[in-house]
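*Asks:* what's the 3D shape of this:
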Amino acid sequence: MGGSLRVAVLGAPGVGKTAIIRQFLFGDYPERHRPTDGPRLYRPAVLLDGAVYDLSIRDGDGDGAGPGLSPGGPEEWPDPKDWSLQDTDAFVLVYDICSPDSFDYVKALRQRIAETRPAGAPEAPILVVGNKRDRQRLRFGPRRALAALVRRGWRCGYLECSAKYNWHVLRLFRELLRCALVRARPAHPALRLQGALHPARCSLM
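*Replies:* Next comes the predicted model:
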């Protein structure tokens, strides 16, 4: 027995949101970056631990819209209702491990999500993802320090991947979906995400 889940993949322009989604869904990687023309919605079906789930994956706020790399004030952000933040089951916040600005953008996104979540609504798990791990030598900060900040300070899960080489992309979605399915349990979201690291069967249908 499965169900449906709504996932939002958000982040600054150029961090690889669409590339991550396309690797997960189609197994391909666009060599040339093309800005996303407004939000896109993908509706795949996935098999997780023997159950089928219908996903709605929202591809960001559009690289040509939104606040850019400087988050700024709330007046610069899209309307939360249009952004579908309030009824999203799980979030993937993507940053570029070589770009501190994109990390600050994700920090502001997390705060925005917390501010717009309706009172009494179930807590949606958030997974912060550092993309472009293939450029490890150019990263702006050590992985362990960033992971500790996100898990302990932001109370979110943390993972790094390479959309270009399809490294940890499937693991990313597997962990996020498992966490979303158990979010009603009385455990901290970051602990639930880290507890989802054990092997699980996840595949597209």
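
*Asks:* Now do residue 147 against residue 158, distance only.
*Replies:* Residue 147 sits at a distance of 4 Å from residue 158 (criterion: C-beta to C-beta, to the nearest Å). For the C-beta atoms, the positions are set from N, CA and C on the backbone; glycine is no exception.

*Asks:* Over to residue 31?
*Replies:* According to C-beta to C-beta, residue 31 stands 28 Å off from residue 158.

*Asks:* And the two? Which one has more around it.
*Replies:* A direct count of neighbours by other C-beta atoms under 10 Å for residue 31 and residue 158 places residue 158 higher, at 20 against 7.

*Asks:* In the protein, which residue is most central in space?
*Replies:* Compute the mean C-alpha point of the chain, and by C-alpha atoms, centre = their mean the closest residue is residue 92, 1.0 Å away.

*Asks:* if I read this right, that one contacts residue 6, doesn't it?
*Replies:* No. Applying C-beta atoms under 8 Å, one finds residue 92 not in contact with residue 6, separated by 11.9 Å.

*Asks:* residue contacts, residue 57?
*Replies:* Residues in contact with residue 57 (C-beta atoms under 8 Å, 6 or more residues apart in numbering) are 7-9, 21, 25, 41-44.

*Asks:* What's the mean pLDDT across the lengthiest helix in the chain?
*Replies:* What stands out as the longest helix in the chain, according to DSSP state H, is helix 100-116. Averaging pLDDT along helix 100-116 gives 92.

*Asks:* next one: stretch 175-182
*Replies:* 86.

*Asks:* And what about residue 47, helix, strand or coil?
*Replies:* When classified by DSSP: H, G, I helix; E, B strand; the rest coil, residue 47 comes out as strand.

*Asks:* Look up which residues are beta-bridged to it.
*Replies:* Taking DSSP bridges as the rule, residue 47 bridges to residue 52, residue 203.
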